[in-house]
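Participant: Build me a structure from this.
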Amino acid sequence: MQSFRTELENPIVEKDIIELEQKIRLFREGKMSDEKFRSLRLARGVYGQRQQGVQMVRIKLPYGKMTLQQWKRIADISDEYSTGNLHLTTRQDIQIHFVSLDKTPELWAKLEIDDITLREACGNTVRNITASDKAGIDPEEPFDITPYADAAFRYFLRNPVCQDMGRKFKISYSSSDRDTAFSFMHDLGVIPKVRIVDGKEVRGFKVMVGGGLGAQPYLAKTAFEFLEADQLIPYTESILRVFDRYGERTSRHKARMKFLIAKIGMEEFERLVKEEYKAVKLKSVPVDHAAWKEPALPAANPALPSYTIKDPKQYEAWKKTNTFEQKQKGYYGAYVRVPLGNISSVNSRTLLEKLAPVVADDVRVTVNQGLLLKYVLPEHLPYVFSLLEEVGFQAAGFDSIADITACPGTDTCNLGISSSTGIAAALEEVIHNEFPDLIYNNDIKIKISGCMNSCGQHGMAHIGFHGSSMKSGGKVLPALQVLLGGGLVGDGVGRVSDKVLKVPSRKGPDVLRTLLHDYETNGEKKELFNDYYDRKGEKYFYELLKPLADLSVLGDSDFIDWGQAETFSTAIGVGECAGVMIDLIATLLFEAEEKLEWAAQSFANNSWADGIYHSYACMIQTAKTMLLDENVNCNTQHGIIADFDKHFVETGRFKIDSFKTMVLQINQHEPTESFAKQYYQQAKAFYDRAQEYRLEKQAASANA
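Facilitator: Have a look, this model is predicted:
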């Protein structure tokens, strides 16, 4: 590959991009292991696809926001480096697929021209911070959470405390008690609250911790009914430090924060979090919300081209279901349904260029894979609809039962088992053709994932499906696990869907028909779907759907997945391979040395807290390396600390009083300059001694 260089105004970003190019080179030359390279590229938004030799690139859009220029930049990038498709995700990111690995640094550099990042869009990091799409214009919000979500995004981006955790960490900011950012299913979810103290309005948040979906869903627990706003970021940092030290690192299936809290209990978790507070970088992080820059608003009387509405009846349905009056009286928000979250670069440019005169320069990607246009004057709604008609996005029923959420599934994802996009299209067709009035039903949500990991959020759906497989007559056929009864309650409370039964994928439309007909027939007047589900009970629905799970009569089509022409198989994609063996221990020690260098760089910028954490990470990495060299398993940082004392200090092989005492000074001291430099010197001495120990061991082995 050719060497790549960039010239960006931000030297930190430029260094990051150049480092990615250098690590790609090392990987290509067989000088970096597949596992370590995977960790590095994932933290930079580059994810291996099901198809060998190409990448999915995830573009991080904090709280789903993009300006019109950023939208154009992403569309242009997709044309140049991808397939011309933009995939909107349930994490309010945008993904592009089929990208050459060698082109990713160049792609990233071009995105950064318009302040768009890939950094920490994937990997064991703080992922994209999501938020209610209505934030800032929500009539029900006590205050705009956008400045607070933005402050958190900027505080934790490249923050040493969350660069190499055991697993990912997800944060959400809801705009009101309706909790439309789903705090109950996040590692950390917050809901804005206001209290009156001494006659003054005090802003704060209800704080939920330890939620998550995946194969084993957990509902979040309430950490605070009210935490003052300036304390939220310090509290979040304390949580991350605990998760980094105590979180599982060997078994990925047990490595989320929800499992840590389940293991040690909420009381012990809260004790550990409080223990970290002394060491956090800042004890208070106030957000100057009054100085928050609002988006550029459209002109009052723009000159618009002539236009026509092809289907006036459809326009009325769209206006009823896809628009709402903002808290700013006289302005409207307008939602755009984007089928399966896929919008082409051509349609993107058509919309953003023609919409520019009538919408704010602030478009939000929604958690159900759509778009929100803001600050539209009522007289401009017909013009907006005409543009949507032009590109085929005029569908009514935003966030209704007809607006199905689905992850990419087996189209591109390594983990997909059976199709999610194909069955989603089939289910939408059932609703459109057989239950057209349901575009006005915002109670029932249908969500689909290609596997049990819930990227399509099936675990919190009223009607959910996830990809699976079944066997019949020695042959494998694509299947769907049916889940019912999940959903949003509000104010931090949610419901996890029940697994009811598994059916062949081709029976998915019949499952939906059966459920909806039964609900129409047996549901009481104005009874919500989950109330109907609770009244009837899980066993009722198992018996109702059981005939559709019958495998005694299957046709050839049942063995072919949606959108496919060939017989189904459960093969998964192949990842990259370095092709050569490397010295893993030497590589890990090299990374420990890198952390020392990062600590020194932090000190040069007077970033004492960052330098302290890099020094801590160096000691942990060095100890882990020595333990692995002795075939001692390392599954948490806390375990590494204890095991190093057991195997090296107590046996006299390493001459220090206590590794634990030395390392855990990190949460016994304020992050001052004097402590930072002292701690760094201890880390450096420990690393140097470890190098000497390894050389001595190698020499003894050679002479044996």
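Participant: Report the residue ranges of every domain in this structure.
Facilitator: The chain breaks down by automatic domain parsing into domains covering 11-112, 130-291, 312-391, 405-559, 584-703.
Participant: Stretch 539-558: end-to-end distance?
Facilitator: The stretch stretch 539-558 measures 26 Å between its terminal residues, going by CA to CA, to the nearest Å.
Participant: Also stretch 207-218?
Facilitator: End to end - CA to CA - stretch 207-218 spans 16 Å.
Participant: before we move on, the earlier item: among the domains of the chain, which is nearest A565?
Facilitator: domain 405-559 (11.0 Å; CB to CB). Where C-beta positions appear, they are placed from N, C-alpha and C, glycine not excepted.
Participant: Show the low-confidence segments of the stretch 351-500 of the chain, by residue range.
Facilitator: Across the stretch 351-500 of the chain, nothing is flagged by pLDDT under 70.
Participant: Now with 90, please.
Facilitator: 407-421, 452-456, 473-474 (pLDDT under 90).
Participant: before we move on, the earlier item: switch the domains of the chain over to CSV; also include distance to P302 and mean neighbour count.
Facilitator: Shown next, in CSV, are the domains of the chain (distance: least, CB to CB, whole Å; neighbours: other CB atoms under 10 Å):
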stretch, distance to P302, mean neighbour count
domain 11-112, 14, 20
domain 130-291, 20, 20
domain 312-391, 4, 20
domain 405-559, 30, 20
domain 584-703, 46, 17
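Participant: could I get those as JSON lines with distance to T567?
Facilitator: As requested, the domains of the chain are exported to JSON lines (distance: least, CB to CB, whole Å):
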{"stretch": "domain 11-112", "distance to T567": "17"}
{"stretch": "domain 130-291", "distance to T567": "27"}
{"stretch": "domain 312-391", "distance to T567": "24"}
{"stretch": "domain 405-559", "distance to T567": "5"}
{"stretch": "domain 584-703", "distance to T567": "40"}
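Participant: where does the stretch 501-650 of the chain dip in pLDDT?
Facilitator: Short version for the stretch 501-650 of the chain, where the test is pLDDT under 90: 553, 560-591, 629-631, 633-635.
Participant: Strands of that one, residue ranges please.
Facilitator: With DSSP state E, counting those that start in this stretch, there are no strands along the stretch 501-650 of the chain.
Participant: same thing with the stretch 351-500 of the chain?
Facilitator: 363-365, 371-376, 405-406, 446-449, 463-472, 475-484, 487-490, 493-495, 498-504.
Participant: Go through those and name the closest to A683.
Facilitator: strand 363-365 (41.3 Å).
Participant: Could you name the helices and strands sitting against the closest one?
Facilitator: Other elements packing on strand 363-365 under the criterion 3 or more CB pairs under 8 Å, 6 or more residues apart in numbering; DSSP states H and E are strand 65-66, strand 371-376.
Participant: let's see it at 7 Å
Facilitator: Judged by 3 or more CB pairs under 7 Å, 6 or more residues apart in numbering; DSSP states H and E, strand 363-365 is in contact with strand 371-376.
Participant: The strand it packs on pairs with which strands, parallel or anti?
Facilitator: strand 332-336 (antiparallel), strand 363-365 (antiparallel) (DSSP bridges).
Participant: can you give me the offset of the helix or strand following the longest one from its chain's centre?
Facilitator: If you walk from strand 332-336 toward the C-terminus, the next helix or strand you reach (DSSP states H and E) is strand 342-344. The chain centroid and the centroid of strand 342-344 are separated by 20 Å under CA atoms, centre = their mean, to the nearest Å.
Participant: before we move on, the earlier item: so which of the domains of the chain comes closest to P305?
Facilitator: domain 312-391 (8.0 Å).
Participant: tell me how far the ends of the closest one are from each other?
Facilitator: Using CA to CA, the end-to-end distance of domain 312-391 comes to 16 Å.
Participant: For the closest residue in space to P382 that isn't next to it in sequence, what is the enclosing helix or strand?
Facilitator: Among residues not flanking P382 along the chain, I309 sits closest, at 5.9 Å (CB to CB, 6 or more residues apart in numbering). Counting by DSSP H and E, there is no helix or strand that carries I309.
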